[in-house]
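Chemist: Got a sequence here, can you model it:
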Amino acid sequence: MTTTNSADAARLLQSAAAADPTLATRLAEAGIDPATVSGPDDLAAVPVQSKDARVAGRDHVLGGGVPRRIFQSPGPIYEAQPDGDDPWRWREALASAGLVPGDIVLNCFGYHLSPAGAMFDEAVVAAGATVLPGGIGNQQLQVQAIRDLGIRGYVGLPSYLKALIDLFAAEGGTPADMPLQYAVVTAEPLPDSLRAELEAWVPAVRMAYGSAEAGLISYEDGRGAGMVTAADIVVDVCDIADGTPVTTDAPGEVVVSILRESAPLVRFGTGDLSAWVIDGGEPVLTDGRRRLVGVLGRTGQATKVRGMFLHPTQVKAVAAKLAGTEALRFLVGREDHKDTIVAEVVVAAGADAEVAQAEAADLIRSELRFRAEVRAVAAIEGDEVIVDERSWD
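Modeler: This next block holds a predicted model:
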């Protein structure tokens with residue numbers, strides 16, 4: 001549970017520091033006594049914590065007691081589900097988009113290993129609505145369910161919603177008989193051209209932004225440019241060099257804090273770049289909360305592909321396991337509002353090219369959870385193992 005009460009904040013922080021030696025060290029080095037903290041705003045002196053540093057405290061991330069779920073993200077990274085109803089707090093964005101109790105919502109995020117499916121499942125149920133756990137795939141059945149059940153809401157990738165709409169149209173459907181009335185989309189960009197296509201079929205298409213650790217961070221609410229920051233979370237845009245909060249429209253890293261019973265976050269750096277929506281030299285406020293312009297990119301080397309992060313270290317780890325391959329590189333493209341992935345491999349001398357390509361395809365699918373077209377090439381120039389060739393026009 002998140003708190004803004006000063007006594008609760010001190011109690012939660014003391015409890016968290018006692019359970020997490022890494023957090024205790026961070027606070028001590030910043031000269032902060034947990035007993036004196038009245039809220040997340042008192043933690044500005046604490047250095048920003050990267051995701052890699054957070055993962056290094058894996059025992060704490062898994063938490064104590066018996067967590068409801070444990071997730072495995074590529075890496076592998078293991079994290080426990082926070083306690084409580086709607087623990088990732090997405091209900092706020094869903095309600096703003098149009099969800100009302102009694103709705104049926106099609107959840108097209110994955111339910112296997114990673115937390116995205118569970119995040120929205122918990123939020124929809126907490127809002128008094130019903131989930132159809134669609135996941136990824138079985139699009140024909142999902143379109144049939146939209147028709148049969150009169151499903152009003154959708155959560156998932158914008159590109160996946162486009163695929164469902166295309167199938168709905170191919171079966172003779174029109175915008176007039178499309179039951180979907182709202183969609184909350186996230187995990188990949190929503191260019192204006194794709195938004196226009198989606199809104200021709202679904203009246204309210206809202207972009208939201210969050211992370212596995214923090215849950216909902218900001219979302220489009222239809223009341224202004226960009227995305228309003230969510231309740232019950234402290235959001236800063238910070239200078240990448242020194243972690244100082246930025247109040248202008250200069251881009252910086254999104255840094256968040258949440259004080260809660262389980263999996264608290266103290267100055268956690270998401271690795272995402274953003275900036276504040278500014279008017280007259282000051283951040284624009286909605287109900288006292290600032291607005292982010294959206295995600296402008298990443299501070300590090302990770303690339304988001306099909307809603308999941310792909311890091312060079314993961315590519316190198318896979319390459320090291322491929323006996324018949326000397327080098328591996330990913331080319332990420334975009335066709336018809338969908339990410340494409342080509343894996344280029346340099347086949348080792350004396351190895352069978354077809355066997356090497358098949359081995360690479362299988363390992364990429366099992367280790368990275370991507371299906372990639374594997375191409376044998378004579379050589380790979382340069383040191384980059386991920387080349388992002390996408391255009392978001």
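
Chemist: What sits closest to Arg365 if chain neighbours are left out?
Modeler: If you skip the residues right next to it in sequence, Arg365 has Arg371 as its closest partner in space, 5.8 Å away by C-beta to C-beta, 6 or more residues apart in numbering. Any C-beta I mention is one placed from the backbone N, CA and C, and that applies to glycine too.

Chemist: OK, contacts around Ser218?
Modeler: Taking C-beta atoms under 8 Å, 6 or more residues apart in numbering as the contact definition, Ser218 lies against 208-210, 226-230, 235, 291-292.

Chemist: Out of those, which end up buried?
Modeler: Neighbour counting by 16 or more other C-beta atoms under 10 Å classes 208-210, 226-230, 235, 291-292 among the contacts of Ser218 as buried.

Chemist: Tell me which stretches of the stretch 101-250 of the chain form strands.
Modeler: Shown for the stretch 101-250 of the chain, the strands assigned by DSSP state E, counting those that start in this stretch span residues 104-107, 130-133, 153-156, 182-185, 204-211, 215-219, 227-229, 234-238.

Chemist: Please identify the most buried of those strands.
Modeler: Burial of these is given as mean neighbour count (mean count of other C-beta atoms under 10 Å); strand 153-156 ranks first at a mean of 28.

Chemist: Next one: the residue lying farthest from the centre of the chain, what pLDDT does it get?
Modeler: Farthest-out residue of the chain from its mean C-alpha position, per C-alpha atoms, centre = their mean: Gly350, at 42.0 Å. Among the per-residue scores, Gly350 holds a pLDDT of 87.

Chemist: Would you format the strands of the stretch 101-250 of the chain as TSV with mean pLDDT and distance to Asp86 included?
Modeler: TSV is the format used below for the strands of the stretch 101-250 of the chain (pLDDT from 0 to 100; distance: least, C-beta to C-beta, whole Å):
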stretch	mean pLDDT	distance to Asp86
strand 104-107	98	13
strand 130-133	98	13
strand 153-156	98	13
strand 182-185	98	14
strand 204-211	97	12
strand 215-219	97	9
strand 227-229	98	17
strand 234-238	95	18
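
Chemist: closest to Val37 out of those?
Modeler: In this view, the strands of the stretch 101-250 of the chain are compared for proximity to Val37 by C-beta to C-beta, and strand 234-238 is the closest at 12.2 Å.

Chemist: so what does that closest one touch, helix or strand wise?
Modeler: For strand 234-238, the helices and strands in contact under the criterion 3 or more C-beta pairs under 8 Å, 6 or more residues apart in numbering; DSSP states H and E are strand 252-258, strand 289-292.

Chemist: hmm, 10 Å instead?
Modeler: Helices and strands in packing contact with strand 234-238 are listed as strand 252-258, strand 265-274, strand 289-292; criterion 3 or more C-beta pairs under 10 Å, 6 or more residues apart in numbering; DSSP states H and E.

Chemist: on that earlier part again, can I get the strands of the stretch 101-250 of the chain in a markdown table including distance to Val332?
Modeler: Formatted as a markdown table, the strands of the stretch 101-250 of the chain follow (distance: least, C-beta to C-beta, whole Å):
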| stretch | distance to Val332 |
| --- | --- |
| strand 104-107 | 26 |
| strand 130-133 | 28 |
| strand 153-156 | 20 |
| strand 182-185 | 19 |
| strand 204-211 | 20 |
| strand 215-219 | 24 |
| strand 227-229 | 24 |
| strand 234-238 | 26 |
